[in-house]
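Novice: Any chance you could fold what I've pasted below:
(chains A and B)
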Amino acid sequence: MNPYPALVASVTRHRGVTACLVVMEDDGIVVEATAQIGVETAAFAALTASLYRKSARAAAAAGFGGVSFCELEAERGRVLAAGRNGLVMVAVAEPRVNLGLLRLELLRAAAAL
Amino acid sequence: MIRHTLTVGWADAPLKRFVDEARLQVAILMHTSGQVLAQVGFQRSLDVQTACALSAAINASAEYLGTMVDGTPFRGLHYAGKGRQIYLGQVPSPDTMLLVLAVFDMESSLGIVQLYVKELQANIAASAPSAVPEEPALAENFEADLNRNLAQLFGRG
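Specialist: Okay, here's the model as predicted:
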C-alpha cells in the first residue's frame, strides 16, 4: 500500500497549508502531491529539492553534519522541507499558518518516509 | 537563389541560457535527423557528430517503441549513470521537431532539467526563423542564380 497520500494528508489538513509534496531528493521528481490550484507542483518540486540538496551540501561543507529540516520565509508565504531516505517532504504555507504545529507535523511525517 | 542551411546563430542564445539555468555540463540542439543546430560544452566536432547520430537513433527508437506500447511516441528519455545523467527531449519549433540532449551531474537534477526544457521550448518557438517557402528548382532565372552562387562559392562574387 502506498503510504504517501496519508502522510501528505496529515500535513495539508492544517489551516494555511496550500500544498504538500513528497519529492525525490536527487531527481526533484514528485512522488505524491496535493496542491491548491495555482501551485505548479512539478516546477516547485524540482526547485525545492534542489534547494534542499544544496542546503545539505552547504551544511556538510560547514561541518554541521546532515540537514533534516529547512525553512524558507518569503514575502507572502513559507516553504518548509524535511527529508529522509532520499525523499523530501515539502509544505507550502501562507504566513498565517501555525508554524510550530506545522513544523512538528512535517517532521513527524518525514520520519515515516 | 540556392539556399544554404546555416547551423549556427539563432539557436545559440536559447541553448546557452538553458545550459546556464539548468546547470548542465553539455547540451546539443539538433534536428531529428541528427543535424546539429547548436551545442554547448563539447570540445571536439567528432564528439558532437557522434552524440547527434546516437541521439537521433535513440529518438527514432523511442518514438517507434512508444507508438507500439502506448499508442503515442515517447517524448523524453532519461538515463542515470554513476556520475552523469542524460536527458533527451523533443523541442517543437514552428516548422519542425528538434531534439535536445542534456548531460548533467549532481549539480542539477532531472526535475530541474525538465523544468528548463519547457522554457527552452518557449524560447526556441519565439526565436526560430520562420520557414521560407521553397522556390521551384527550375525557375526562369535558374542559370543566372546558379552562376551567381558558384561565383560566390569560389570567391568571384
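
Novice: which secondary structure elements does whichever helix in chain A runs longest contact?
Specialist: Longest helix of chain A, by residue count under DSSP state H: helix A:41-61. On a contact count with 3 or more CB pairs under 8 Å, 6 or more residues apart in numbering or on different chains; DSSP states H and E, helix A:41-61 meets strand A:17-24, strand A:30-35, strand A:69-74, strand A:77-84, strand A:87-93, helix B:110-127. Glycine gets a C-beta too; all of them are placed from N, C-alpha and C.

Novice: And the longest one, what's buried?
Specialist: Residues of helix B:110-127 classed as buried: B:110-117, B:120-121, B:123-124 (neighbour count, 16 or more other CB atoms under 10 Å in any protein chain shown).

Novice: same check, this time on the third one
Specialist: With burial defined by 16+ other CB under 10 Å, the residues of strand A:69-74 counted as buried are A:70-71.

Novice: Touching that strand from outside, list them.
Specialist: Residues outside strand A:69-74 that contact it (CB atoms under 8 Å, 6 or more residues apart in numbering or on different chains): A:51-52, A:55, A:78-82, A:103, A:106-107, A:110.

Novice: would TSV of the helices and strands packed on helix A:41-61 with mean pLDDT and distance to A:N2 be doable?
Specialist: Shown next, in TSV, are the helices and strands packed on helix A:41-61 (pLDDT from 0 to 100; distance: least, CB to CB, whole Å):
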stretch	mean pLDDT	distance to A:N2
strand A:17-24	93	10
strand A:30-35	90	8
strand A:69-74	90	24
strand A:77-84	92	17
strand A:87-93	93	13
helix B:110-127	91	20
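
Novice: any chance of these in JSON lines, with distance to B:R23 too?
Specialist: Formatted as JSON lines, the helices and strands packed on helix A:41-61 follow (distance: least, CB to CB, whole Å):
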{"stretch": "strand A:17-24", "distance to B:R23": "17"}
{"stretch": "strand A:30-35", "distance to B:R23": "20"}
{"stretch": "strand A:69-74", "distance to B:R23": "19"}
{"stretch": "strand A:77-84", "distance to B:R23": "20"}
{"stretch": "strand A:87-93", "distance to B:R23": "18"}
{"stretch": "helix B:110-127", "distance to B:R23": "7"}
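
Novice: Contact partners for residue 42?
Specialist: I'll assume chain A. By CB under 8 Å, 6+ apart, A:A42 lies in contact with A:30, B:111, B:114-115.

Novice: The chain in question should be chain B.
Specialist: With CB under 8 Å, 6+ apart, B:F42 has these contacts: B:26, B:28, B:48, B:51.

Novice: at 10 Å instead, please
Specialist: When contacts are counted by CB atoms under 10 Å, 6 or more residues apart in numbering or on different chains, B:F42 touches B:26-28, B:36, B:48-51, B:103.
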